[in-house]
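1. Sequence and predicted structure, then a few things I'm wondering about:
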Amino acid sequence: MSKKKILITMVGLGAVGLAFPVINLLVGAPTNTTLSRKAKAHPELAPVVHMLESKCANCHTAEPKLPFYASLPLVKGIVQADITKGRRYFDMVEDLLPEKSGAPAEVALAKIEREINEGAMPPGKYIALHWDARVGASDKDALLGWVKQMRVKHYAPKALPQPLREAAVHPLPRSVKVNTAKAELGRQLYNDKRLSEDDTLSCASCHDLAKGGTDQVVVSTGIRGQKGGINSPTTFNSGFQFKQFWDGRAATLQDQAAGPPLNPVEMGSSWPKIITKLKADAVFSEAFTKVYVEGFTDKTITDAIAEFERTLLTPDSPFDQHLRGKKDALNAQQQQGWALFQSKGCQTCHVGKLLGGQSFEEMGRTADYFAQRGKKVTADDAGRYNVTKKARDKHRFKVPTLRNVALTFPYFHDGFATTLDAAVKIMAKVQSDLDLTDAEVKSLVAFLGSLNGVYQGKQL
């Protein structure tokens with residue numbers, strides 16, 4: 001081939017290559033998506049909705065504005081795979097503005113902050129074809145400023161200094177308002193084995209407050225020795241969880257309290273049986289009807305248990321003391337672990353006062369957790385999908401709180417990781433594709449140990 005033909009070919013290929021981003025520039029970014037329509041009901045989104053829509057919507061909403069070449073045979077699969085991956089990690093509509101909430105979700109704020117700070121989004125190959133998707137300095141400042149503003153307004157304790165109010169993680173409050181009379185009845189019911197069919201199990205059997213609010217076994221044992229299919233989460237600080245159970249099937253603490261007594265594998269009873277047994281206790285019946293004039297019902301029983309569970313706070317951990325300004329609250333290794341926790345992106349999902357409990361995330365975002373686990377995949381492994389039946393929710397679970405995590409072993413929904421060291425290594429690999437050194441693991445575990453709080457005046 002002559003030099004002239006080579007030059008013509010190169011110019012032609014260059015022209016074709018430039019045509020794609022130029023066409024995308026002329027067509028423009030998505031507009032009038034569900035995100036912008038939702039913003040009309042959420043004025044706080046107004047300062048950033050255009051940026052989010054123009055730079056994120058194509059891969060992080062169900063309404064991508066795809067270019068013509070996205071339907072070509074070789075390109076179509078790549079584009080759809082990117083969109084599917086993007087939405088599994090972060091759906092801008094579903095995750096940023098959860099139902100029944102007027103505030104942007106804490107995890108969504110953390111994800112936006114991390115990607116903007118790291119310059120990871122939009123990815124380079126997307127910017128190469130969408131020149132107007134680049135996040136400029138002014139956009140970056142606006143987005144990061146908005147994230148901090150939302151935290152200060154909706155989530156941060158007012159007593160903290162401004163920089164800490166703007167941060168992703170906050171200390172636990174030392175108290176919450178509860179009805180003490182109801183909570184006391186709930187405390188008794190929480191420890192009452194009459195809630196089980198054969199009077200052998202109470203709520204405390206699987207959520208032992210002396211064991212971090214769990215039973216410290218892989219799966220709990222129900223009546224007649226039956227084994228459950230999933231690890232028991234802690235009840236400590238559960239009043240701050242955005243939903244209850246690993247799959248979020250219970251919206252409130254009261255909904256959650258209604259589940260185990262009727263579950264045939266767990267407590268295996270019924271409300272008529274439970275109420276009959278409780279009514280037979282004259283002393284407890286008298287105390288109960290003084291508070292609940294309607295007497296024993298499924299609603300009043302679960303309301304009392306939920307009120308008690310709201311009292312299960314564990315504030316004033318060494319980490320909380322550190323956040324509140326006590327300089328020697330953390331030792332050197334714990335401080336190093338806290339720095340790693342932030343730099344490795346752990347606080348992207350483990351956010352807020354709970355360091356978790358605020359979102360559903362895919363178990364194995366960067367590597368196949370279930371293949372590495374090596375055990376048969378069960379129905380319980382489907383996670384949130386069992387509730388929603390949405391493909392996006394397959395293998396997604398509520399992110400657990402890290403409060404008192406050193407006491408809530410074994411770890412994950414399946415109890416697979418028996419030690420905190422193992423859990424840290426596995427999470428780093430399957431969620432962020434990180435291979436931590438032994439020294440990093442030890443520092444992170446030391447930091448996690450600083451999250452053990454105080455309950456009834458005693459350090460857990």
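-> Yep, it's here.
2. Now do the nearest residue to V107 once chain neighbours are set aside against W146, distance only.
-> Leaving aside its chain neighbours, V107 sits nearest to S359 (3.9 Å; criterion: C-beta to C-beta, 6 or more residues apart in numbering). (Glycine included, C-beta is placed from N, CA and C.) Taking C-beta to C-beta, to the nearest Å as the measure, S359 falls 19 Å from W146.
3. which one of the two has more residues nearby?
-> A count of neighbours by other C-beta atoms under 10 Å puts S359 above the other of S359 and W146, at 26 against 21.
4. correct me, but that one touches D91?
-> No: look at S359 against D91 with C-beta atoms under 8 Å: they stay out of range, at 11.1 Å.
5. So which residues of the stretch 201-350 of the chain form helices?
-> 203-206, 253-257, 271-279, 282-291, 298-309, 318-323, 332-343 (DSSP state H, counting those that start in this stretch).
6. Next, the buried residues of the fifth one.
-> Just to be clear, that refers to helix 298-309. When burial is assessed from 16 or more other C-beta atoms under 10 Å, helix 298-309 yields the following buried residues: D298, T300, I301, T302, D303, A304, I305, A306, E307, F308, E309.
7. Hmm, the last one is touching G186, no?
-> Yes: with contact defined as C-beta under 8 Å, E309 counts as touching G186 (7.1 Å).
8. returning to that earlier point: out of the helices of the stretch 201-350 of the chain, the one nearest A62 is which?
-> Set against A62 and scored by C-beta to C-beta, these come closest in helix 253-257, at 28.0 Å.
9. Need the pLDDT of the closest residue to S238 other than its chain neighbours.
-> What sits nearest to S238 in space, not counting adjacent residues and going by C-beta to C-beta, 6+ apart, is E309, at 5.5 Å. Reported pLDDT at E309 in the predicted model: 98.
10. Equivalent analysis for the one 5 residues further on, please.
-> T314 is assigned a predicted lDDT (pLDDT) of 98.
11. Give the full set of residues in contact with it.
-> L172, F236, N237, R403, N404, N452, G453, V454, Y455, L460 (C-beta atoms under 8 Å, 6 or more residues apart in numbering).
12. among the residues you listed, which are in strands?
-> Mapping those onto strands (DSSP state E) picks out V454, Y455.
13. any idea which of the contacts of T314 is closest to Q347?
-> Looking across those and measuring by C-beta to C-beta, the closest to Q347 is R403, at 13.8 Å.
14. my read: that closest one touches L355, true?
-> Yes: taking contacts as C-beta under 8 Å, R403 lies within contact range of L355: 6.4 Å.
15. Which of these two has more residues huddled nearby?
-> R403 (31 against 26).
16. Pretty sure N452 sits against L420.
-> No: applying C-beta under 8 Å as the test, N452 and L420 come out as separate, 11.8 Å apart.
17. tell me, what's touching those two both at once?
-> Going by C-beta under 8 Å, 6+ apart, residues that sit against N452 and also against L420 are A406.
18. Could I get the full set of strands for this structure?
-> 360-362, 396-398, 454-455, 458-459.
19. Which one of the ones you listed lies nearest to E266?
-> strand 396-398 (18.7 Å).
20. With adjacent residues omitted, what lies nearest to M121?
-> Excluding the flanking residues, the one nearest M121 by C-beta to C-beta, 6+ apart is E115, at 3.9 Å.
21. Who's the closest spatial neighbour of L323, skipping the chain neighbours?
-> Excluding the flanking residues, the one nearest L323 by C-beta to C-beta, 6+ apart is P171, at 4.6 Å.
22. if I look at that neighbour, how far off is F447?
-> As for P171, its distance to F447 is 15 Å (criterion: C-beta to C-beta).
23. which one of the two has more residues nearby?
-> Higher neighbour count among P171 and F447: F447, with 26 against 21, using other C-beta under 10 Å.
24. wait, E113 sits on V147?
-> Yes: if you go by C-beta under 8 Å, E113 and V147 touch, sitting 4.8 Å apart.
25. okay, and the helix or strand of this structure with the least pLDDT?
-> The weakest-scoring helix or strand in the chain, judged by mean pLDDT, DSSP states H and E, is helix 3-27 (a mean of 54).
26. Go through the contacts of T314 and single out the one with the most neighbours.
-> The residue in those with the most neighbours, by other C-beta under 10 Å, is R403 (31 neighbours).
27. In this structure, where is pLDDT below threshold?
-> 1-31, 99-101, 128-131, 133 (pLDDT under 70).
28. mind giving me the domain split of it?
-> Following automatic domain parsing, one finds the domains of the chain at 27-155, 180-309, 318-459.
29. And the last one, end to end?
-> Distances were taken as C-alpha to C-alpha, to the nearest Å; on that basis the terminal residues of domain 318-459 are 10 Å apart.
30. again, but for stretch 396-403
-> With C-alpha to C-alpha as the measure, stretch 396-403 spans 21 Å from end to end.
31. Might one say that D199 is in contact with I223?
-> No: counting by C-beta under 8 Å, D199 sits too far from I223 to count as a contact (9.4 Å).
32. Out of the contacts of T314, which comes closest to T34?
-> Ranked by distance to T34 (C-beta to C-beta), these are led by N237 at 33.2 Å.
33. Identify the residues contacting the closest residue to that closest one other than its chain neighbours.
-> Ranked by C-beta to C-beta, 6+ apart and with sequence neighbours excluded, the top spatial neighbour of N237 is R403, at 5.3 Å. Residues in contact with R403 (C-beta under 8 Å, 6+ apart) are L172, T234, F236, N237, T314, S317, L354, L355, G356, L451, G453.
34. what comes up buried for stretch 262-270?
-> For stretch 262-270, a neighbour-count test (16+ other C-beta under 10 Å) marks L262, V265, E266, M267, G268, S269 as buried.
35. Please read the previous query as pertaining to stretch 430-447.
-> Within stretch 430-447, the residues scored as buried using 16+ other C-beta under 10 Å are V430, Q431, S432, L436, E440, V441, K442, S443, L444, V445, A446, F447.
36. quick one: terminal-to-terminal distance for that stretch?
-> 21 Å.
37. Residues in contact with it: which ones?
-> Against stretch 430-447 from outside (C-beta under 8 Å, 6+ apart): 319, 330-331, 333-338, 340-341, 344-346, 349, 361, 363-369, 372, 406, 420-421, 424-425, 428-429.
38. Narrow those residues to those that are buried.
-> 319, 330, 333-338, 340-341, 344-346, 349, 361, 363-365, 369, 406, 420, 424-425, 428-429.
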